[in-house]
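Student: return a 3D structure for these sequence lines:
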Amino acid sequence: YRKAVRLGLQGADLVIAPSRLMLACLKKHYGRFAAAEAIYNGRSDTRFTPGNKQHFSFTAGRIWDEAKNIAILNSVAGTVPWPIYAAGEGRAPDGKPALVDGPILLGRLDAETLAHWFSRAAIFILPARYEPFGLSALEAALSGCALVLGDTESLREIWHDAALFVRPEDPGHIRATLVELIANPSIREDFSRRARKRAGSFTAQRMARAYLEIYAKLLGSQRGVLSEEVIQGEYPS
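Tutor: Have a look, this model is predicted:
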């Protein structure tokens, strides 16, 4: 598998990743290849908007994925004042169920229902051990959630001071951070504003423009002149 990935990367005209950390990891583990600058993912704010915030924390992603680390919330849920809800696929591709029984499991949600949960959640928690970008965190930030994220280099690269970072293997630290946010509405609202402001820089238009410029460069264009209608058009959320 490693050999196949290395050959694929080295055979590409240009490799793009959604964070500088992801590119650095690829180079570390698979050797040298032609790479562009990182292009951060984007989302439209038409689907993800703040709603009437309610007293619960929310997480979303592949429940079974050890990198997402949602199982760490087993020892946190029930020990904090607010419930923790988790949305996502609970069964791994090999059929094994996720060992997650602390948060209230919602299963896999359709896009509209998921956006509704984001809009109502006051806090979004993603205690990831590893995350190339974290699209769910961006969707939560656009929805006005205060972010509690695993303390990884990539998530710090993307969110700077717009999130609270927790040690992924330390349930006590996660618990204390949630309790502080729950007990202090002013802090919670401050981080909600910070996250939403930061999320505003990760637009679908910016992402699409960056990719189109890369494609134009690969096609040999000197100026990368592209249709403004394409750049300004609607992009899937």
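
Student: which residue ranges of this protein form helices?
Tutor: Ranges of helices in the chain, per DSSP state H, are 2-11, 20-30, 111-120, 135-142, 153-159, 171-183, 185-199, 204-218, 228-232.

Student: weakest of those by average pLDDT?
Tutor: Sorting the helices of the chain by mean pLDDT places helix 228-232 lowest, at a mean of 47.

Student: what's the neighbour count on Leu14?
Tutor: The number of residues packed near Leu14 is 12, by other CB atoms under 10 Å. From N, CA and C alone the C-beta is placed, and that goes for glycine too.

Student: what do you get for Ser57?
Tutor: 25.

Student: repeat that for the one 10 residues further on.
Tutor: For Ala67, the neighbour count with other CB under 10 Å is 15.

Student: for the one 5 residues further on, same thing?
Tutor: Applying other CB under 10 Å, we find 22 other residues in the vicinity of Ile72.

Student: how about stretch 50-57: buried residues?
Tutor: Within stretch 50-57, the residues scored as buried using 16 or more other CB atoms under 10 Å are 53, 56-57.

Student: out of those residues, who's nearest Ala36?
Tutor: Closest approach between these and Ala36, by CB to CB: Ser57, at 36.4 Å.

Student: I'd assumed Pro127 was in contact with that closest one.
Tutor: No: here Ser57 does not reach Pro127: they are 11.1 Å apart, not a contact under CB atoms under 8 Å.

Student: so what's in contact with those two at the same time?
Tutor: Common neighbours of Ser57 and Pro127 (criterion: CB atoms under 8 Å, 6 or more residues apart in numbering): Val148.

Student: what residue lies at the spatial centre of the chain?
Tutor: In the chain, the residue lying closest to the centroid (CA atoms, centre = their mean) is Gly134, at 1.8 Å.

Student: identify the bridge partners of Tyr85.
Tutor: Phe58, Ile104 (DSSP bridges).

Student: for the closest residue to Asp45 other than its chain neighbours, which residues are in contact?
Tutor: Of all residues not flanking Asp45 in the chain, Leu142 sits nearest, at 5.1 Å (CB to CB, 6 or more residues apart in numbering). Contacts for Leu142 (CB under 8 Å, 6+ apart) come out as 43, 45, 48-49, 118, 196, 199.
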